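K.L.:
Quick one, what's the 3D model for this:
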Amino acid sequence: MKVIAIGGGTGLSTILRGLKEKNLELTAVVAVTDEGGSSGKIRDELNVPPPGDVRNNIIALAKAENLMSKLFSYRFSTNGSLSEHSVGNIILAALTMMTGSFAKAVRYASDILAIEGKVLPVCEELIRLVAVYSDGSTITGETKIAKKTDARIVSVHLDKKVRALDEVLNEISQADAVLLGPGSLYTSVITNLLVDGVTEAIRENEKAKKIYMANIMTQPGETIGYSLEDHVSEVERYLKVRLDYIVANRALPPKDVLASYAAQGAEPVLPRGQVDERYVFRDLLEITHEPNDPRPKARHDPRKTAEVVIDLLGGRSTNEK
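P.N.:
Residues are numbered from 1 along each chain as shown. Next up is the predicted model:
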């Protein structure tokens, strides 16, 4: 079965790690509006699309944790100009400048790591996300959007009109399932839906099951106070079609993890009331600890999440590779 996963950040790469072990033809469509860290510096200095989210997903689909995938993940921790840059980001930037195409750069990097599946940037243009807030203010750029916590997002749009890559639209039109998320609601998921052609291609593919993988926790700067239904409503608002399934976590994180998130203004994504039969609740929680960050993270367990997707697809791809 052909499955298209749309998103960005760490959420998309997490579920790809589980899905790549299944008998699926996988394509990841990745956001290009990231402005933080190494990606933001490369975007500003070299005038190329931010490579970080694409790099994460290429590594997630690599066949094994070999030397090349470790090389792509390696991040410099010096005091010089290379500080915080990852080798994979630099390689993708160099390939983009050599070939004149970010899409070609992604393809070549995918070949280097011999990935299981395909990774595509949603488009090649330099674009920025713009958020309009309930207090009347407007903020441009993912990094600034993530820092504003005193008003609710009313709407989002891109700073210019761009069309998705033809290959992206072709892949969507042939898909048996389209997965949205998990990941930051506006800056990782909905940002892809704002690129011309994406939502139209999803709507026109009537055979494809549309599945939203809901976040485990809310996110300061984007979804403070959002219920599960609020997340779904926003996705459907921009998708302009009804989702077939919503996959949500039902296992609450441990108290110490909840306290860590509460200190940042985040809480579990939970339903506000009675939900319909489209909602699928499973224990998907995995607690992880990331390098240089003492706070525990509530993430999707790749294997458990992949099993839910397989179940929703009818169990036709349950044989692992």
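K.L.:
List the contacts of the helix or strand of the chain with the lowest mean pLDDT.
P.N.:
The least trusted helix or strand in the chain, going by mean pLDDT, DSSP states H and E, turns out to be helix 67-73, with a mean of 90. Helix 67-73 is contacted from outside by Arg55, Ile58, Ile59, Ala62, Ser86, Val87, Gly88, Ile91, Ala109, Ile112, Leu113, using CB atoms under 8 Å, 6 or more residues apart in numbering. The C-beta positions use only the backbone N, C-alpha and C, and glycine is treated the same way.
K.L.:
residues in contact with the last one?
P.N.:
It stands for Leu113. By CB under 8 Å, 6+ apart, the contact list for Leu113 reads Ile58, Ile59, Leu61, Ala62, Lys63, Met68, Ser69, Phe72.
K.L.:
Now do the contacts for the residue nearest to the third one when sequence neighbours are not counted.
P.N.:
Nearest residue to Leu61, sequence neighbours excluded (CB to CB, 6 or more residues apart in numbering): Ile115, at 3.9 Å. With contact set as CB under 8 Å, 6+ apart, Ile115 has these partners: Ile58, Leu61, Ala62, Lys63.
K.L.:
what do you get if the cut-off is 6 Å, keeping everything else the same?
P.N.:
Ile58, Leu61, Ala62 (CB atoms under 6 Å, 6 or more residues apart in numbering).
K.L.:
Double-check that Arg272 belongs to a helix.
P.N.:
No: counting by DSSP: H, G, I helix; E, B strand; the rest coil, Arg272 is not found in a helix; it is coil.
K.L.:
hey, where'd the strands end up in the stretch 1-150 of the chain?
P.N.:
Listed in chain order, the strands of the stretch 1-150 of the chain (DSSP state E, counting those that start in this stretch) span 2-7, 25-30, 118-121, 129-133, 138-140.
K.L.:
Tell me which strands the last one pairs with, and in which orientation.
P.N.:
Think strand 138-140. strand 129-133 (antiparallel) (DSSP bridges).
K.L.:
Count the residues that sit near Tyr74.
P.N.:
Using other CB atoms under 10 Å, Tyr74 is surrounded by 12 other residues.
K.L.:
OK, contacts around it?
P.N.:
Val87.
K.L.:
coming back round to it: using a markdown table, lay out the contacts of Ile115 together with pLDDT and neighbour count.
P.N.:
A markdown table is the format used below for the contacts of Ile115 (pLDDT from 0 to 100; neighbours: other CB atoms under 10 Å):
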| residue | pLDDT | neighbour count |
| --- | --- | --- |
| Ile58 | 97 | 27 |
| Leu61 | 96 | 23 |
| Ala62 | 93 | 22 |
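K.L.:
closest to Ala146 among those?
P.N.:
Ile58 (23.7 Å; CB to CB).
K.L.:
how about the least confident helix or strand of the chain as PDB, C-alpha atoms only?
P.N.:
This file holds the C-alpha atoms of helix 67-73, laid out as PDB (Å, rounded to 0.1, in the frame of the first residue of the first chain):
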ATOM      1  CA  LEU A  67      28.100   5.300   9.900                       C
ATOM      2  CA  MET A  68      26.600   7.500   7.200                       C
ATOM      3  CA  SER A  69      23.300   8.100   9.100                       C
ATOM      4  CA  LYS A  70      25.300   8.800  12.200                       C
ATOM      5  CA  LEU A  71      27.400  11.300  10.100                       C
ATOM      6  CA  PHE A  72      24.300  13.100   8.900                       C
ATOM      7  CA  SER A  73      23.100  13.400  12.500                       C
END
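K.L.:
nearest to Asn249, of the strands of the stretch 1-150 of the chain?
P.N.:
The closest of those to Asn249 is strand 2-7. By CB to CB, the value is 16.2 Å.
K.L.:
Return the distance of that closest one from the chain's centre.
P.N.:
Mean C-alpha position of strand 2-7 versus that of the full chain (CA atoms, centre = their mean, to the nearest Å) differs by 10 Å.
K.L.:
Bridged to Val130, which residues?
P.N.:
Thr140, His157.
K.L.:
and Thr305, what element?
P.N.:
For Thr305, the host element (DSSP states H and E) is helix 302-312.
K.L.:
Buried ones in that helix, by neighbour count?
P.N.:
By 16 or more other CB atoms under 10 Å, the buried positions in helix 302-312 come out as Pro302, Lys304, Thr305, Ala306, Glu307, Val308, Val309, Ile310, Leu312.
K.L.:
before we move on, back to that, how much space between the residue nearest to Leu61 and Asn89?
P.N.:
Using CB to CB, to the nearest Å, we find Ile115 at a distance of 17 Å from Asn89.
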